[in-house]
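Trainee: take this sequence and fold it.
(one chain, ligands or ions: 1)
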Amino acid sequence: MGIIVKNIFHFLKGCWAIIRGRSLPDEECQELRELASAYLELDLSPDIKEQLDRHLKLCQGCSGFIESLHRTLDLLRGMPKETAPAEIRQNILRQIKQK
Ligand SMILES: [Zn+2]
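Mentor: Okay, the predicted model is just below:
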C-alpha cells in the first residue's frame, strides 16, 4: 500500500512539474526575481506590477521568494542605523577602489 501511495505521489509531482513548466516559463520567474526589490518598493509601472501579481498567484516558488525578501527588508528597516567607525569605512572604500 505504501509503495502505491508513494508512486502516485511521484506521478502527481511529475505532472505538476510539467503543468507548471508549461504555464510558467522560467524566464518569467527570472524576470520577477530581477524586479523583486522594485516590486516591494512599489517602484514599478502598474502594467508590470499587475503582470508580476499574476505570476505570484500561480508560482509558489516566486511568492515564497517575495515573501522572504519582504521579511528581510522589514527586518533591515527595523534595525537602528549605525555608522561604521571611520577606520573601517576607509578600509572598505580602499578595497572597493582596488578592484
Ligand atoms: Zn515564478
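
Trainee: pLDDT below threshold where in the chain?
Mentor: Along the chain, segments meeting pLDDT under 70 span 1-25.

Trainee: tell me which parts of it are close to the ion?
Mentor: 29, 59, 62 (CB under 5 Å from the ion). C-beta coordinates here come from the backbone N, C-alpha and C atoms, glycine included.

Trainee: now the most centrally placed residue in the chain, nearest residue through space, not along the chain?
Mentor: The residue lying closest to the centre of the chain (CA atoms, centre = their mean) is Phe65, at 3.3 Å. Once flanking residues are discounted, Phe65 sits nearest to Arg33: 6.4 Å by CB to CB, 6 or more residues apart in numbering.

Trainee: now swap in Tyr39 and tell me
Mentor: Leu52 (5.5 Å).

Trainee: got the contact list for that neighbour?
Mentor: Taking CB atoms under 8 Å, 6 or more residues apart in numbering as the criterion, Leu52 is in contact with 32, 35, 39, 44.

Trainee: mind running it again at 7 Å?
Mentor: Leu52 makes contacts with 32, 35, 39, as judged by CB atoms under 7 Å, 6 or more residues apart in numbering.

Trainee: convert the C-alpha atoms of whichever strand or helix holds the last one to PDB, please.
Mentor: Right, Tyr39. According to DSSP states H and E, Tyr39 maps onto helix 26-40. In PDB, the C-alpha atoms belonging to helix 26-40 read as follows (Å, rounded to 0.1, in the frame of the first residue of the first chain):
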ATOM      1  CA  ASP A  26      11.500  30.100 -16.400                       C
ATOM      2  CA  GLU A  27      12.100  33.500 -18.000                       C
ATOM      3  CA  GLU A  28       9.100  34.800 -16.200                       C
ATOM      4  CA  CYS A  29      10.400  33.700 -12.800                       C
ATOM      5  CA  GLN A  30      13.800  35.200 -13.600                       C
ATOM      6  CA  GLU A  31      12.200  38.500 -14.600                       C
ATOM      7  CA  LEU A  32      10.200  38.500 -11.400                       C
ATOM      8  CA  ARG A  33      13.300  37.900  -9.300                       C
ATOM      9  CA  GLU A  34      15.200  40.700 -11.100                       C
ATOM     10  CA  LEU A  35      12.300  43.100 -10.400                       C
ATOM     11  CA  ALA A  36      11.600  41.800  -6.900                       C
ATOM     12  CA  SER A  37      13.100  44.700  -5.000                       C
ATOM     13  CA  ALA A  38      11.500  47.300  -7.200                       C
ATOM     14  CA  TYR A  39       8.200  45.400  -6.800                       C
ATOM     15  CA  LEU A  40       8.500  45.600  -3.000                       C
END
